[in-house]
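*Asks:* sequence plus the predicted model coming up.
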Amino acid sequence: MIRFVYPNVDYNDNIDYEGNCDYDDNVDLKAFAGIGVFIASSKLSVDLNKYEVAKFNISNNSEISKATAILSYNISPKENWNVYAQIGDKDKWSGDSLAFAYLIALVNISLESKYETDIDIWFTGSIDLKYHDRKEGMPFLTDVFEDEFEIKLDAFLSQESDIFFIVPDFNINPAMRELCTIKNSDIITAKEFKKINFEKINQKKKYIITVNGDDLFDIRDALFKRPYFLSMPKFQTVIKIITFVILLITCFYSSIKFYNYWIFQITKNEAISFHYSSMSYFKKNISPAYCDHNNPPPFYIPNPKIQYKGRYYLLFDNKIIGKVAFSHIHSDKWIIIDEKGHISFQNSSPDFTDEPIIIFDYIAKNELEKFHNLLILQSKKQSFSKIDINANNMPLNYISNDNIEYGGSVSIDNKGIISGEMTFSHKQSETVFVLNHSQKITTKPIKKQYNIFNNMSFVWIPGGCYEMGCNPSMGYTCSVYETYIHTVCIDGFWMGKTEVTQLQWIHIMGYNPSIFKNCGNDCPVENISFKEINEFIRKLNTQLKNKWKVRLPTEAEWEYACRYNGNEKMSKKNKLNATYPVCQNSKNLFGLCGKTGNVSEICQDKFYKNAYLDHMKNNPISNISGTDIVVRGCDFSTPDQFSPCCHRSYIHINDKVGSIGFRIVWENL
């Protein structure tokens, strides 16, 4: 016979302890109060001097009633059987652990125990039929309060005779595991519990059985016999026949949908084929490269009945990004596959723009390929003297590109053999493309010192459309300034890779206004007003002599560059509560640093509360009269609940703050 034991916890000042227990009467702490016991049996086999019928009122606890029916296969209880509790338990104990033990005892009334020997099994946890996103109506075991669980576990491990304790998996944290190890106890799963042979069990060891969600079915199978009629071979055969008939009927009535399913499979196979063809092409190709409908991978022929959207990119660091969507012309369903081969579905046309790509690397690679083709033509010509080719002596018909930096040299001897090495790199890139003596193109990253714009680096942001504004579903706190969601389309532009630094400000303005000057001028400049920023831009544009032009970004451009292809994670708070060197933390997928931390950034828009309601769709900017300027993003002191890319605030044109800086946009490249 199984005895179903449930431990109880109460407050020190409400417990009548037997034995010695040292505690402070003025401290209201929980402690182990004792155990209650249930057994399931007939009246004739129960010692009525120790037990009484446990007539717990479960009419108001429909979950226990429903769970009992589910776990006992809806089998009627045995005639003249009841659940019995120790005399006095009914008025003494209560709680979720009682309900758990009572539930299993009720199941025992309908199902026969597997074991002839008497065993005590402890129970704790809370029964739930609506556990998170699981199927409604199925019984689950949820966790108990952590402090109460620790007390119950310690009490179980401290007593001598009982060896089984069934608990929620969630409550077994590292501290609980360490406690069990110290007490020479094993932690096993419900599935492992099913395999235990009770006749050969080590009586000197204790076992903690963890239940994860719906493992209650495994606990049932471990303790009770499966009803005979459910195990009958003939019954199983009947079930199979009924299932087969239902399947045939379902297939018959689903035949009208077969055509749509067939179309869906064609589209899915097309997506998978395109994905693997692209990945194979990228493995054999040098970055940057891309694959889409108009530029498919070699030997891949697009299906004329399939619609394509999106693109895969091979970036200069050999990272592959992008998504491609497919839909049959006779279907509204779209299949989306990402760079990792993960497939998702939606019933409407996906609205995603091209993924970011570093355009200047394409330029450098294309220049090298043009040079290589002309070099091969030169080597095939009859010549009786050696030809040396370098940045100052390029092949015939090759026109140098002012945006490309050339390095190295190659030579062609009188037999047409090419030797040497040439390098190509865009002035705005940190990647060098190399043509070596074996005529193979490779890449290598370098750290270049930019010699334009006073060591300022810029990143190309491709144009596109996005939903501007803060959506509470993102999990952030949204202010009234940010919550009108609207579609905005932005033209491509070059944005500063970092905030303007203190060194760059000193080079133009001749002084350092910053509050935080502890990182060798590599920190962003701050403590500057909007008027001072405009003076900095004016002086910089004067130095550029109208060859180039810089300006502040609009707030629509700023948010687009921050959010495009996913937000950069918020930088962790600086322990010094100060700014830190630019690009010290991670970049976003554009290669922009500091978009979600370090300092907030001033934009060129005038601030007013309802600006989003008046935005034009294309390249919006607020130019109303006023003295407040938009500030975007978060800084080292911004609370975590604000969205790093959607956060919107303002500052007066004459005010200065140590947590606000700026970055610039480069025009007329």
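*Replies:* Sure thing, it's come through.

*Asks:* list the contacts of stretch 481-492.
*Replies:* Contacts with stretch 481-492, where a contact means C-beta atoms under 8 Å, 6 or more residues apart in numbering, come from 460-472, 556-557, 560, 609-610, 612-613, 615, 617-620, 643, 646-649. Backbone N, C-alpha and C define where each C-beta goes, glycine included.

*Asks:* again with stretch 506-515
*Replies:* Here stretch 506-515 has contacts from 454, 502, 505, 521, 523, 525-528, 532, 535-536, 539-540, 543, 579, 656, 658, using C-beta under 8 Å, 6+ apart.

*Asks:* quick one on the thing from earlier: please narrow the contacts of stretch 481-492 to those residing in helices.
*Replies:* Within the contacts of stretch 481-492, residues falling in helices by DSSP state H are 556-557, 560.

*Asks:* hey, what's Ile35 bridged with?
*Replies:* Pro7 (DSSP bridges).

*Asks:* list the contacts for it?
*Replies:* Applying C-beta under 8 Å, 6+ apart, we find Ile35 in contact with 5-8, 122.

*Asks:* got it, and Cys291?
*Replies:* For Cys291, the contact set (C-beta under 8 Å, 6+ apart) comprises 274, 277-278, 281-282, 297, 311-312.

*Asks:* Trp494: which of these is nearest?
*Replies:* Trp494 lies nearest to Arg311 out of the contacts of Cys291, by C-beta to C-beta, at 21.3 Å.

*Asks:* quick one: the closest one and Ala325 touch, right?
*Replies:* No. Arg311 is not in contact with Ala325 according to C-beta atoms under 8 Å; the separation is 10.3 Å.

*Asks:* could you pull out the strands in the stretch 501-650 of the chain for me?
*Replies:* 549-551, 600-606, 628-632, 648-652 (DSSP state E, counting those that start in this stretch).

*Asks:* would JSON lines of those strands with distance to Ala155 and mean pLDDT be doable?
*Replies:* Formatted as JSON lines, these follow (distance: least, C-beta to C-beta, whole Å; pLDDT from 0 to 100):
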{"stretch": "strand 549-551", "distance to Ala155": "71", "mean pLDDT": "89"}
{"stretch": "strand 600-606", "distance to Ala155": "54", "mean pLDDT": "96"}
{"stretch": "strand 628-632", "distance to Ala155": "57", "mean pLDDT": "95"}
{"stretch": "strand 648-652", "distance to Ala155": "55", "mean pLDDT": "93"}
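
*Asks:* any chance of JSON lines for those strands, columns distance to Ala67 and mean neighbour count?
*Replies:* Putting the strands of the stretch 501-650 of the chain into JSON lines (distance: least, C-beta to C-beta, whole Å; neighbours: other C-beta atoms under 10 Å) gives the following:
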{"stretch": "strand 549-551", "distance to Ala67": "67", "mean neighbour count": "17"}
{"stretch": "strand 600-606", "distance to Ala67": "54", "mean neighbour count": "24"}
{"stretch": "strand 628-632", "distance to Ala67": "53", "mean neighbour count": "23"}
{"stretch": "strand 648-652", "distance to Ala67": "50", "mean neighbour count": "20"}
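
*Asks:* in this protein, which helix has the most residues?
*Replies:* The residue-count maximum for a helix in the chain (DSSP H) belongs to helix 258-284.

*Asks:* follow-up on the earlier one: give me the buried subset of the contacts of stretch 481-492.
*Replies:* Among these, those scoring as buried are 460-462, 464, 466, 468-470, 556-557, 560, 612, 615, 620, 643, 646-649 (criterion: 16 or more other C-beta atoms under 10 Å).

*Asks:* partner strands of the helix or strand containing Ser327 and their direction?
*Replies:* Assigned by DSSP states H and E, Ser327 belongs to strand 320-328. Next to strand 320-328 in the sheet, as set by DSSP bridges, lie strand 306-314 (antiparallel), strand 334-338 (antiparallel).

*Asks:* wait, isn't Pro227 in contact with Tyr73?
*Replies:* Yes. Contact criterion C-beta under 8 Å: Pro227 and Tyr73 qualify, at 5.9 Å.

*Asks:* between these two, which contacts overlap?
*Replies:* Common contacts of Pro227 and Tyr73 (C-beta under 8 Å, 6+ apart): Leu111.

*Asks:* who's the nearest residue to Asn541 once chain neighbours are set aside bridged to?
*Replies:* Distances taken as C-beta to C-beta, 6 or more residues apart in numbering place Lys549 nearest to Asn541, at 5.7 Å, with adjacent residues excluded. Listed by DSSP bridges, the beta-bridge partners for Lys549 are Glu667.

*Asks:* Lys549 and Glu667 touch, don't they?
*Replies:* Yes. Between Lys549 and Glu667 there is a contact under C-beta under 8 Å: 4.6 Å.

*Asks:* what sits against Phe224?
*Replies:* Phe224 makes contacts with 107-108, 111-114, as judged by C-beta under 8 Å, 6+ apart.

*Asks:* what about Ile119, distance to Phe274?
*Replies:* 60 Å (C-beta to C-beta, to the nearest Å).

*Asks:* swap that for Thr68, please
*Replies:* The spacing between Thr68 and Phe274, counted by C-beta to C-beta, is 53 Å.

*Asks:* picking that back up, Ile119 and Phe274: which has the busier surroundings?
*Replies:* For Ile119 versus Phe274, neighbours defined as other C-beta atoms under 10 Å are more numerous around Phe274 (24 against 17).

*Asks:* tell me who's in contact with the more buried one.
*Replies:* 291, 296-297, 300, 324, 326, 337.

*Asks:* same deal with Ile664?
*Replies:* By C-beta under 8 Å, 6+ apart, the contact set of Ile664 is 456, 496, 500, 537, 550-553.

*Asks:* and for Lys183?
*Replies:* Applying C-beta under 8 Å, 6+ apart to Lys183 gives the contacts 157-158, 206.

*Asks:* for the residues you listed, give me TSV that also has pLDDT.
*Replies:* Shown next, in TSV, are the contacts of Lys183 (pLDDT from 0 to 100):
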residue	pLDDT
Leu157	91
Ser158	89
Lys206	89
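
*Asks:* now, those residues that are in strands?
*Replies:* Under the assignment DSSP state E, those contribute Lys206 to strands.

*Asks:* quick one: which of the contacts of Lys183 is most hemmed in?
*Replies:* Within the contacts of Lys183, neighbour counts (other C-beta under 10 Å) peak at Lys206, which reaches 21 neighbours.

*Asks:* for the strands of the stretch 501-650 of the chain, give me a markdown table that also has distance to Asp128.
*Replies:* Converted to a markdown table, the strands of the stretch 501-650 of the chain look like this (distance: least, C-beta to C-beta, whole Å):
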| stretch | distance to Asp128 |
| --- | --- |
| strand 549-551 | 59 |
| strand 600-606 | 45 |
| strand 628-632 | 44 |
| strand 648-652 | 42 |
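
*Asks:* out of these, which is closest to Ile417?
*Replies:* Nearest of these to Ile417, taken as C-beta to C-beta: strand 549-551 at 48.0 Å.

*Asks:* starting at the chain centroid, how far to the closest one?
*Replies:* How far strand 549-551 lies from its chain's middle: 37 Å, per C-alpha atoms, centre = their mean, to the nearest Å.

*Asks:* which helices and strands does that strand pack with?
*Replies:* Applying 3 or more C-beta pairs under 8 Å, 6 or more residues apart in numbering; DSSP states H and E, we find strand 549-551 packed against helix 530-544, strand 665-667.

*Asks:* which helices and strands sit right next to the shortest one?
*Replies:* So the one you mean is strand 665-667. Secondary-structure packing of strand 665-667 (3+ C-beta pairs under 8 Å, 6+ apart): strand 493-496, strand 549-551.

*Asks:* do you know how far Asn82 is from Pro227?
*Replies:* Asn82 sits 20 Å away from Pro227, going by C-beta to C-beta.

*Asks:* which of these two has more neighbours?
*Replies:* Under the neighbour definition other C-beta under 10 Å, Asn82 and Pro227 were set side by side, and Asn82 has more, 21 against 14.

*Asks:* ok, back up a step: tell me the one among the contacts of Lys183 nearest to Gln86.
*Replies:* Distance to Gln86, by C-beta to C-beta, is smallest for Ser158 among the contacts of Lys183, at 20.4 Å.
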